[in-house]
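Enquirer: how would this look folded up:
(chains A and B)
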2 protein chains.
Amino acid sequence: MIRPIRVGLLGIGTVGGGTWEVLNRNAGEIRRRAGRAIRITQVADKEVKKARSIVKGRAKVLPDAFQVARAPDIDIVVELIGGTGVAKDLVLEAIAHGKHVVTANKALLATHGNRIFAAAQKRGVMVAFEAAVGGGVPIIKALREGLSANRIEWIAGIINGTSNFILSEMRDKGLAFDAALREAQARGYAEADPSFDIEGVDAAHKLTILSALAFGIPMQLKRAYTEGISRLTKQDIRYAEELGYRIKLLGITKRTAQGIELRVHPTLVPARRLIANVEGVMNAILVKGDAVGPTLYYGAGAGALPTASAVVADLIDVTRLITADPEHRVPHLAFQPDQLSDTPILPIEAVRTCYYLRMRVLDRPGVLADVARILARSRISIDAMVQKEPGEGESRVDIVMLTHLALEKDVDRALARIERLATVVGKVTRLRLEALL
Amino acid sequence: MIRPIRVGLLGIGTVGGGTWEVLNRNAGEIRRRAGRAIRITQVADKEVKKARSIVKGRAKVLPDAFQVARAPDIDIVVELIGGTGVAKDLVLEAIAHGKHVVTANKALLATHGNRIFAAAQKRGVMVAFEAAVGGGVPIIKALREGLSANRIEWIAGIINGTSNFILSEMRDKGLAFDAALREAQARGYAEADPSFDIEGVDAAHKLTILSALAFGIPMQLKRAYTEGISRLTKQDIRYAEELGYRIKLLGITKRTAQGIELRVHPTLVPARRLIANVEGVMNAILVKGDAVGPTLYYGAGAGALPTASAVVADLIDVTRLITADPEHRVPHLAFQPDQLSDTPILPIEAVRTCYYLRMRVLDRPGVLADVARILARSRISIDAMVQKEPGEGESRVDIVMLTHLALEKDVDRALARIERLATVVGKVTRLRLEALL
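Expert: Below is the predicted model:
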């Protein structure tokens, strides 16, 4: 059997811990997809004790990240230290030693990306950075591969969850900026010094990366116009609302005849646009291509596990590339062909979901009690009910019910019984309901 | 210079014509990304004359698709004939002759995918099918690669634009199903025989593919539960609305302890969910992964150019794979490193956008005229204006204006002048507004 890919993890903080967890929790599934096991064999963290308590002997723990970046028995280095100082030296060191690199470090790439990619290109290694923008949302892959047929016209993205949470709170609860910021801090969405997030700096880093990918230009962070949300008033949010708009902190980059726009600022967006309805810490990136038109990518833009989802996807990407023949790189059905599963498809009767039931009944006492008794006997409980008043001279009324989770087979049986009631007219309309949570 | 990739196009109808157009229109950009030109050198279509009028001598036109599928001087065969009959034989023939295949044919893959992928695997060729689900939305790539770190929990998708258009019309305009269907037919969104779309068959094909990718199971179309929208009444849509829900035709596939759910049916969804607000012919797929949480992918699910966007992305994918060393397959910045562009980044003063302007003014006649004159002189025209009535005993009022497109530099100048007016109190609040269309 082919040996596992050996990963050196630099930094086992929030995202590093998430990466450790995802790689372990989903190890079987990941091997089925990648065609090869992926294992973190070395962890570098200054807090050696804390790191040891996480990895529990399953990886070597070192205080010196450079040692891991250079280690001969490491295939891929994952840089999760952050910042533009030592992280830069580590990434360049890993590249110089022929390691592939995976990083979530947007500040590093926006600032030193041109140099890093040139070094990687020269050395023939990959630098993967799906986690740098949009957390777990595969927006880098969408731009580099999914939309590669398009001339990209523009991108507009909610790419800083902290700011979006603050704006959502200001609008929802009519809070002033300061109060909303405190709420974000209380929930752990904003740091003690929140300026990177609220002044648009983090968004500018991410936008710089997106702009380079979209338009085939080098990273140019210094040319980004950056304006944050700290001066927004609740008044402006309310006025915008009255005019049919929402205010979002957007990163916008656009191709024009004169050049490329690259700007982060609070932006009014028509309230009916999907992106205007992205609330809380979620991210969403709207990409307009000349062939595909507008497309949108939505998901968690931060957090340990969502960011780890992108880091590990990059690890799988690199693993597939350095392992398989080109023809077999990405398996047709996502999993390696000898790794398909025989989990059965359930018949609809075995599905559990919620239901919308509408029935037309005679407007008489006791009807509802009969229906409710039948439902209860079939273990179907009612979440909400509305009785539509009969029209003038009308003796039939509509009853609409929403149920809690129930088994389709039980619903079949109950509806058959309900339809046999003399007080129920015709068939019961049954629709399924999904909370999608 | 490396020779172009030679593509044989089977069928130059709607999507085939779009593929021809995108490959030609964006040829330069595509070569910069793929590192190699991609050229349709042969086209097979029964309507030879029509095909010739499109390709205008720039490709060989043949009436016999099998001849193209077998041609020794073709690298990739694009199957856009559709259906499960001759298309199956053509795809298998192309594979047998060692061609890579790109197809948009969901019916074919949902029905015969297991056999086709096995043949491709054995012969060492790729079968790419991004266009089979969600049109131009790169959902196949998201599932196979972007979310590969996750144990997928469930998928819920609006994957049939025709049905979604009909449901949007029924809700928006209070139309009955039949009237909404006629509207869809009049606009060319529904065919004369619409049953494939409105009875959920097309959605079941696509869902079958998504389910296989998500859970690593073979295609099992026959086990899909399929219920369409043709029996939905406007009454139920209204009742659902009153209860806070929208009705969408969803394809749902979910992993449960007992097995995998695979079902297409009209579904009530909480109105505040993003996916509940996907209107008209647009598609959106919600994917819940255990690490990333919920992510959503939105865009045009059909149409010549959006579908061609996915077909051509597949062509670029295959080209990158069979051309470059693994390390250089997908360039770091999406474009090949020697192909970066030097298009300049514009300073913010050179940006044109719309603006929200709020100013506090003394409640006196003539103030508005002064402001309007200054704006007009700077070529800024007003799209909407609201004056907020002053509070009791308050002598200052807020004026809020939305402008049409204007140059930031002009706005700077105008605001400086406005702020010098004696009747204007303090600074003008300026926010940018984007219609995102």
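Enquirer: hmm, who's touching stretch A:408-428?
Expert: By C-beta atoms under 8 Å, 6 or more residues apart in numbering or on different chains, the surrounding residues in contact with stretch A:408-428 are A:348-353, A:355, A:357-362, A:364, A:366-367, A:370-371, A:374-375, A:377-380, A:396, A:403, A:430. Heads up, the C-betas are built off the backbone N, CA and C, glycines and all.
Enquirer: Just the ones in helices from the residues you listed, please.
Expert: Counted as lying in helices by DSSP state H, out of the contacts of stretch A:408-428, are A:367, A:370, A:371, A:374, A:375, A:377.
Enquirer: And for the fifth one, nearest residue in space, chain neighbours not counted?
Expert: Just to be clear, that refers to residue A:375. Using C-beta to C-beta, 6 or more residues apart in numbering or on different chains and skipping residues adjacent in sequence, the residue nearest residue A:375 is residue A:414, 5.4 Å away.
Enquirer: For burial, what's the neighbour tally of that neighbour?
Expert: 24 (other C-beta atoms under 10 Å in any protein chain shown).
Enquirer: Please report phi then psi for residue A:301.
Expert: Phi and psi for residue A:301, reported as degrees, to the nearest 10, are phi -90, psi 0.
Enquirer: Sorry, wrong one. I was asking about residue A:266.
Expert: Main-chain torsions, residue A:266, degrees, to the nearest 10: phi -60, psi 140.
Enquirer: and what of residue A:434?
Expert: According to degrees, to the nearest 10, residue A:434 has phi -130, psi 130.
Enquirer: how about the nearest residue to it, chain neighbours excluded?
Expert: Nearest non-adjacent residue to residue A:434, counting by C-beta to C-beta, 6+ apart: residue B:267, 5.4 Å away.
Enquirer: Show the pLDDT at residue A:327.
Expert: pLDDT, residue A:327: 65.
Enquirer: average pLDDT across stretch A:11-29?
Expert: Throughout stretch A:11-29, pLDDT has a mean value of 97.
Enquirer: quick one, helices of the stretch 51-200 of chain A?
Expert: A:65-70, A:86-96, A:106-123, A:139-141, A:161-173, A:177-186, A:195-198 (DSSP state H, counting those that start in this stretch).
Enquirer: With only the CA atoms kept, save the second one in PDB.
Expert: In other words, helix A:86-96. The C-alpha trace of helix A:86-96 is given here as PDB (Å, rounded to 0.1, in the frame of the first residue of the first chain):
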ATOM      1  CA  VAL A  86       8.000  34.700  10.500                       C
ATOM      2  CA  ALA A  87       5.200  33.100   8.400                       C
ATOM      3  CA  LYS A  88       6.900  34.500   5.200                       C
ATOM      4  CA  ASP A  89      10.300  33.000   6.100                       C
ATOM      5  CA  LEU A  90       8.700  29.700   7.000                       C
ATOM      6  CA  VAL A  91       6.800  29.400   3.700                       C
ATOM      7  CA  LEU A  92       9.900  30.400   1.700                       C
ATOM      8  CA  GLU A  93      12.000  28.000   3.700                       C
ATOM      9  CA  ALA A  94       9.600  25.100   3.000                       C
ATOM     10  CA  ILE A  95       9.500  25.900  -0.700                       C
ATOM     11  CA  ALA A  96      13.300  26.100  -0.800                       C
END
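Enquirer: Could you identify which of the helices of the stretch 51-200 of chain A is most buried?
Expert: helix A:139-141 (a mean of 27; mean count of other C-beta atoms under 10 Å in any protein chain shown).
Enquirer: roughly how far out does that helix sit from the chain middle?
Expert: On the basis of C-alpha atoms, centre = their mean, to the nearest Å, helix A:139-141 is displaced by 12 Å from the centre of the chain it belongs to.
Enquirer: how about stretch A:26-35 against chain B, any contact?
Expert: Yes - using C-beta under 8 Å from any C-beta of the partner chain, we find that stretch A:26-35 touches chain B at A:26, A:29, A:30, A:32, A:33, A:34.
Enquirer: now swap in stretch A:117-127 and tell me
Expert: Yes - using C-beta under 8 Å from any C-beta, stretch A:117-127 reaches chain B at A:117, A:118, A:120, A:121, A:124, A:125, A:126, A:127.
Enquirer: tell me the two of the residues you listed that are most distant?
Expert: A:118 and A:126 (13.6 Å; C-beta to C-beta).
Enquirer: Secondary structure of residue A:400: a helix, I assume?
Expert: No - counting by DSSP: H, G, I helix; E, B strand; the rest coil, residue A:400 is not part of a helix but strand.
Enquirer: That one: neighbour count?
Expert: 20.
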